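**Q** no FASTA, just this:
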């Protein structure tokens, strides 16, 4: 390496510093805050203690420096080191550092009107330092302005927050980041495509500083940015590769799914980033299912159309269940000793998930072995010879046995059973229903709730006997509390009746406080209640001379 090249390296300035905002109009994505600050300075109504809070890399410190220049009327190139003091609270978090700062505030500025103290990462101050700072922050000298910056506002004590005017910085939108990167590309004469810049914006999570660092990493000396370069340099997975994974999950193509997953991991992609990427992709599929939420998708039109088509083939409940499994895997990733196995197990869980409509819940279903055989031996089908059918050793009546394996016939049978069970308003029949039918089904429903462990609901359903008039069940309860319990169960109860009777049944609940649910408390009362139900109990008591 020659001396000239070393000299060129020493003169290189990263984009995050080179294109740092020097006035309010240069700040990206914080228009509301910059407008408020500009008006406050113009009208001479700026508070003496400001708190800038928000994520990293969104312009907090840059805005603080701009405020310091604006209130003093300094030009950009002015030497303002005597007026602007920056303190890093992470390395000066003790009481002594704050006391030195307070001593400095007593000296008026040598040039300009105000001395501005910018304390970065202020949440790192110790409790003693916070307490030492309270009085000065509440009543600072007229020539001092404090600007506190933090990424974790919740760690700052309330007494400090109450003394500051708070400005909440937001994450910068991807569109704003892409627009800013395009401007830089024009200034630097760099060729770029929208897809590549969108990938950088997606990677930086709303932080402009991170976006500019990634931008520098990709550009290098090529003066050109393409999607392939971004994927290679930023260690990310392409949209098309995620599509392959989702397609393999949907088709239950297990061998291909495992191969795809391991190929991505072998590229150096971190396992937690892969799980997070699949989660984000399913989230985008979920968002694509409604036109109102399409604005949340950071893709071009062609990719949005692909997501919409994919979303039309997967229902909401399934996607949400997928996201739950992936989220659980993300939580357990760092604790796992075999992280690669955890990732493989996660994608296998998703691909084997099926919805049981009878039980209204998701279950993991074994994928038929035939799927694996078809996939593994597809290329060798011509070489495989079909064995002749062997005669059974004994005559066994197959119809006497039930099998739990998955077959086309069993699927058709289950589908027909489900179709028969579903009752729609359009196929309700008006027919004569007797009170005995109503009471029998009512008792059956109460028994089902008791078997489920819902003893309170079962006892409420047995307080009185329902009556039936004009296709409406009338049930009387003793108080409003029990009436509310019935109302909460009303939809499930009516669905049960309508399914059983194939008729549109309604339910009315009346409250009659005269009804008393007879309860036995003492031993004597319990005995008398048993005696009413079975008079022979009294003979048993007398025969064995039992006492109560």
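**A** Okay, I see it. Just so it is clear, the model here is predicted, and its values are computed rather than measured. Numbering: from 1, shown residues only.

**Q** where exactly do the strands run in this protein?
**A** Under the criterion DSSP state E, the chain contains strands at 49-53, 84-88, 115-120, 144-150, 165-168, 191-192, 224-225, 353-356, 361-364, 467-469, 472-477, 506-511.

**Q** what does the fifth one contact?
**A** Residues external to strand 165-168 that are found in contact with it (C-beta atoms under 8 Å, 6 or more residues apart in numbering): 33, 36-37, 47, 49-54, 153. In this view, the C-beta of every residue, glycine as well, is placed from N, C-alpha and C.

**Q** Name the residues of it that are buried.
**A** Buried positions in strand 165-168, judged by neighbour count with 16 or more other C-beta atoms under 10 Å: residue 167.

**Q** Show me which of the contacts of strand 165-168 is closest to residue 140.
**A** residue 49 (6.9 Å; C-beta to C-beta).

**Q** follow-up on the earlier one: which of the contacts of strand 165-168 lies closest to residue 440?
**A** Relative to residue 440, and with distances defined as C-beta to C-beta, the nearest of the contacts of strand 165-168 is residue 153, at 62.9 Å.

**Q** Could you measure from the closest residue to residue 226 other than its chain neighbours over to residue 163?
**A** Closest residue to residue 226 apart from its sequence neighbours, by C-beta to C-beta, 6 or more residues apart in numbering: residue 196 at 5.6 Å. Applying C-beta to C-beta, to the nearest Å, the value for residue 196 to residue 163 is 46 Å.

**Q** And for residue 266?
**A** Distance, residue 266 to residue 163, by C-beta to C-beta: 55 Å.

**Q** Of the two, which one has the most company?
**A** residue 163 (21 against 8; other C-beta atoms under 10 Å).

**Q** thinking that one is in contact with residue 49, fair?
**A** Yes: between residue 163 and residue 49 there is a contact under C-beta atoms under 8 Å: 5.5 Å.

**Q** between the two, what contacts are shared?
**A** Common contacts of residue 163 and residue 49 (C-beta under 8 Å, 6+ apart): 137-138.

**Q** Low-confidence stretches in this structure?
**A** For the chain, the stretches with pLDDT under 70 are 1-11, 76-82, 221-222, 355-431, 514-522, 525.

**Q** which other residues reach the lengthiest helix in the chain?
**A** If you go by DSSP state H, the chain has its longest helix at helix 480-501. By C-beta under 8 Å, 6+ apart, the residues outside helix 480-501 that reach it are 421, 423, 428, 433, 437-438, 441, 445, 456-457, 460-461, 463, 473, 475, 477, 504-507, 509, 511.

**Q** Give me the neighbour count for the closest residue to residue 458 other than its chain neighbours.
**A** In this structure, residue 458 finds its nearest non-sequential neighbour in residue 450, 4.0 Å apart by C-beta to C-beta, 6+ apart. By other C-beta under 10 Å, the residues close to residue 450 number 15.

**Q** Roughly how far does the residue in the chain sticking out farthest from the centre sit from residue 536?
**A** Going by C-alpha atoms, centre = their mean, the residue of the chain most distant from its centre is residue 543, 69.7 Å out. Plainly put, residue 543 is 10 Å away from residue 536 if you go by C-beta to C-beta.

**Q** likewise residue 496?
**A** Remark: distance between residue 496 and residue 536 (C-beta to C-beta) = 37 Å.
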